[in-house]
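*Asks:* predicted model, plus sequence, below.
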Amino acid sequence: MAELLRVNDLVTQFKTESGLVKAVDGVSYYIDEQEIIGLVGESGCGKSVSQLSIMQLISAPGEIAGGEVIFEGQNLLKYEANGPQMRSVRGAKIAMIFQEPMTSLNPVLTISQQLTEMLQLHMKMNDDTARKRAIELMSMVGIPGAENRIDDYPHHFSGGMRQRVMIAMGLSCNPKILIADEPTTALDVTTQAQLLELMKDMVQRFRTSLIIVTHNLGVVARYAQRIYIMYAGRIVESGTTKDIFANPHHPYTIGLLKCIPRLDEEEGTKLVPIQGLPPNLINMPSTCAFLPRCSYRLEKCAREPWPPLTPVNGNHYISCYANTKEKSK
Amino acid sequence: MNQKRSDNLLDVRDLKMYFPVTRGLLRRKVADVKAVDGVTFKLKRDETLGLVGESGCGKTTIGRCILGLYKPTEGGIFFEDEDIADYPEKKLRQIRSKMALIFQDPYSSLDPRQSAGSIVGEPLKIHQMVMGKGEYRDRVEELFRIVGLDPSMTDRFPHEFSGGQRQRIGVARSLACDPNLIVCDEPISALDVSIQAQIINLLEELQASAKELSYLFIAHDLSVVRHISDRVAVMYLGRIVEICKAVELYNNPLHPYTRALLSAVPIADPVVEETRERIILKGEVPSPLNPPPGCSFHPRCFMAIPECSQAVPPLRDIGGGHEVACIRV
C-alpha cells in the first residue's frame, strides 16, 4: 500500500514557568493507506501531543518547534494553524476521536447540529442531505432508532453511545486517516470491545487508515499491524506488531511486557516491575531518558546522547545502545 | 470467646443494598436502585477474593457495606463469626481496626493539608494502638519502610509525592492497625502501567509476610484480578454470576457473561489474539433501577432461551467450589 502520511523529526515543546518541556522530541513515523498502527506509551510520553501536532491543535504555551508532517505531498506544518488550507484537512481528511466522549461533544447542541455541521462545511451538503447522511452514519455505528435520536442532546446518550457518535462524526467526511486517542479508556470492558470492533469494521468499510493511541498493549496486539513504542517524547522501538511482541528489543518494551499481568498467564507468575518513575520532562538531559530505570545500561549510555533509531532487522527499529538480546539469554 | 476459629474471616449472606429513589417535596420513595441484590460469598483467612464487574454492578457497594460505611438493607455480614451488619457505630469502630480500605484515587483519598506521616499515623491515634510520641513515631516510620517509602519523608505533603508513592501512603495507612482484612477498591487503576506492577507486588509481599491478611480485591481489570486473587467472583447488575478459582476463570469460564467479559480483554500477544474466541455483546448494561426480569443478563445473552426471563437463576456448585448462576450450563 502507498504511504499516506509521514512525520519527520517532529518537535513540540511547551514553555512553562519551571522550564522547557519537550513533550515530543524528534518523532518520526509513517502510516500507509488502509493501515492500522498503534502508538503506545504511558501518560506524559507525548503520544497525544504528537497527534495533536499533526492536526495543529497545539495552543500556547505549546508550539511546534520543528519537523514536518507530509500528507498528500504537502507539509501540513507550513499551513497556518487556523487558515483555510489547514481547516480543509482537519476533520475532513484527517479526523480525530478523543478519549472523553463526555467532554468532546458540545452539551448545548443536539447530535444532529454537531454531525451535520461537518457535512455542510466540508462536503457542502444542504440541510436535507446532511441530515439524511447523519442518520445513515448513526445507524452505521449501531445507534438504534437513529432517526428519533438524532435530535437528542449528548447527555441523553450513555458513554458508549456518545463514543459511537464520535466515531460517526470522525468518519462523516470520509477521512483518509482517523486518529483515535485512547478511544475506549473511559468505558467499560465489554463496551470497549464493542467499540474497538466497530472502529475496525468501519475503517475497513471507509478504507480509512487508523492510528490508535493507547497505553494498553493488549489493544494494539489485537488490532494494530505496526506499532510505535514511545517514552519521554521519543519513539524507542517500532516494528510490526508480531515482531515487537515476539522479539522485543528495547529495555522499556521488554519491561512493559513483563510488568503487565496477562489473562492467560500460568499460576504463580511474578510480575517484574520497572523500577523508578517516568521522568519529569522539564529540562531533560541529553542522554537516554530511560537510563535511570534501565537494567541493561552500559557505561556508554551515560556519556553518549540519546541513541538514534537503528534497525535490528527489516522494519524493526530500536533506539538503544545495549544489546538486550545477548544479556537476556 | 469462640471455642474454635472458623476458616472464614468473612461470610456474607444474602446481602442486599437498595438505595431509595425519592421524588417530590415530600421525598416520597418511588423506586429502589438495587445496587446489591442478594450476594453470598465467603472470604477465607489469608485468601484474596477478587470482585470483578463493570461499573454499576455493585462491587464497590459490597466493599462499603462490609466496612460499615453503608447499612445494608438486608442480609448478614459475619466478620470473625460476628454479624456486624446491624452493629451500632460505637461497636463498629472497634471492629474497624481489624479492617481497612485502599481507595482508587491516590489524589483525592489523601488530605492535601495533612502531612504524609500524620495520614499514616491517624488510625493509630483513633484506635489507640500506640503509647506516647516515641512509639507513635517509630510505628509510622516502620510503616513507611514496610511500603517502600523513605521514613525521612513523613513531614512531606501529598502533592510532593508521585501517584505511585501516594498509593503507597494509602497502603501504609491501611496497614497501620494491623488489619485482618483490607478491601482494595480499584487500587491500581489510576496509576501508570509501569507503576501498577510495583503496587501489585507490594500487596502480594505484604500478604505473604503478614500473620494473617485477607484481601477483598475490587477491580474491573480482569487480568489484574486474576493475577492477584485466589478466587474470583464475577458480578453483573448487583448479583454474583460466577465464582471460582482464579485459574479456572480463564481455563474454564462457564457463565456466558464471564465468557464475554474474558473475550473482551485483549491479551498482549498478537499470536494468541489471532485464535481467541471473541464474543461481542449486544447493547449495554441495563439500569439497576429497572433490571430485566429473571436472569438480568438474558437480554444481552447469546445463549438465552425463553425460560431465562422467568426466574433469577441461583448460584449452584458444579463441583470443586466452582459456582455459576445460569440455567444453560
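*Replies:* Received, thanks.

*Asks:* centre of the chain to stretch B:266-273, how far?
*Replies:* Distance of stretch B:266-273 from the chain centroid (CA atoms, centre = their mean, to the nearest Å) equals 28 Å.

*Asks:* residues contacting residue 151?
*Replies:* No chain in the question, so chain A it is. By CB atoms under 8 Å, 6 or more residues apart in numbering or on different chains, the contact list for A:Asp151 reads A:110-112. C-betas here are computed from N, CA, C, even on glycine.

*Asks:* please refer instead to chain B.
*Replies:* Per CB under 8 Å, 6+ apart, neighbours of B:Pro151: B:140-142, B:144-145.

*Asks:* in helices only, show me the contacts of A:Asp151.
*Replies:* Counting by DSSP state H, these place A:111-112 in helices.

*Asks:* closest to chain B out of the contacts of A:Asp151?
*Replies:* Using CB to the nearest CB, A:Ile111 comes nearest to chain B of the contacts of A:Asp151, at 17.2 Å.

*Asks:* the closest one touches A:Glu147, doesn't it?
*Replies:* No - judged on CB atoms under 8 Å, A:Ile111 makes no contact with A:Glu147 at a distance of 11.8 Å.

*Asks:* ok, these two, which is more surrounded?
*Replies:* A:Ile111 (26 against 11; other CB atoms under 10 Å in any protein chain shown).

*Asks:* for that one, give me its contacts.
*Replies:* A:Ile111 touches A:105, A:134, A:138, A:149-154, A:157, A:165, counting by CB under 8 Å, 6+ apart.

*Asks:* where does A:Arg6 land in three-state SS?
*Replies:* Under the three-state scheme (DSSP: H, G, I helix; E, B strand; the rest coil), A:Arg6 adopts strand.

*Asks:* quick one: contacts for it?
*Replies:* For A:Arg6, the contact set (CB under 8 Å, 6+ apart) comprises A:28-30, A:69-71.

*Asks:* let's have those residues in TSV, adding pLDDT, neighbour count and distance to B:Asn180.
*Replies:* Below are the contacts of A:Arg6 laid out as TSV (pLDDT from 0 to 100; neighbours: other CB atoms under 10 Å in any protein chain shown; distance: CB to CB, whole Å):
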residue	pLDDT	neighbour count	distance to B:Asn180
A:Ser28	95	17	55
A:Tyr29	95	18	52
A:Tyr30	95	16	56
A:Val69	95	23	58
A:Ile70	95	16	62
A:Phe71	93	19	61
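
*Asks:* let's have these in TSV, adding secondary structure and distance to chain B.
*Replies:* Output for the contacts of A:Arg6, formatted as TSV (DSSP: H, G, I helix; E, B strand; the rest coil; distance: CB to the nearest CB, whole Å):
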residue	secondary structure	distance to chain B
A:Ser28	strand	24
A:Tyr29	strand	19
A:Tyr30	strand	20
A:Val69	strand	28
A:Ile70	strand	29
A:Phe71	strand	28
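
*Asks:* which pair of those residues spans the longest distance?
*Replies:* A:Ser28 and A:Phe71 (14.3 Å; CB to CB).

*Asks:* tell me who's in contact with B:Cys177.
*Replies:* B:Cys177 touches B:97-98, B:100, B:123-124, B:127, B:129, counting by CB under 8 Å, 6+ apart.

*Asks:* if we use 10 Å, what do you get?
*Replies:* B:96-100, B:123-124, B:126-127, B:129 (CB atoms under 10 Å, 6 or more residues apart in numbering or on different chains).

*Asks:* give me the distance between it and A:Ser59.
*Replies:* Applying CB to CB, to the nearest Å, the value for B:Cys177 to A:Ser59 is 49 Å.

*Asks:* again, but for A:Ala168
*Replies:* From A:Ala168 across to A:Ser59, the span is 27 Å (CB to CB).

*Asks:* what does A:Met125 give?
*Replies:* Going from A:Met125 to A:Ser59 by CB to CB gives 30 Å.

*Asks:* these two: who's more crowded?
*Replies:* More crowded of A:Met125 and A:Ser59, by other CB under 10 Å: A:Met125, with 18 against 9.

*Asks:* please identify which helix or strand holds the residue in the stretch 1-150 of chain B that chain A sits nearest to.
*Replies:* The stretch 1-150 of chain B approaches chain A most closely through B:Glu54 (4.0 Å), counting by CB to the nearest CB. For B:Glu54, there is no helix or strand it lies in under DSSP states H and E.

*Asks:* could you do A:Cys301 as well?
*Replies:* Here A:Cys301 is assigned to helix A:299-303, by DSSP H and E.

*Asks:* find the centremost residue of chain A, please.
*Replies:* Closest to where the C-alpha atoms of chain A average out (CA atoms, centre = their mean) is A:Val213, at 2.5 Å.

*Asks:* can you tell me the SS state at that one?
*Replies:* Assignment for A:Val213 (three-state DSSP): strand.

*Asks:* that one bridge partners, please.
*Replies:* Note on A:Val213: beta-bridge partners A:Leu39, A:Asp181, judged by DSSP bridges.

*Asks:* list the contacts of it.
*Replies:* Residues in contact with A:Val213, defined by CB under 10 Å, 6+ apart, are A:37-41, A:47-48, A:50-51, A:96-99, A:179-183, A:185, A:220, A:228, A:230.

*Asks:* this completes my enquiry, with thanks.
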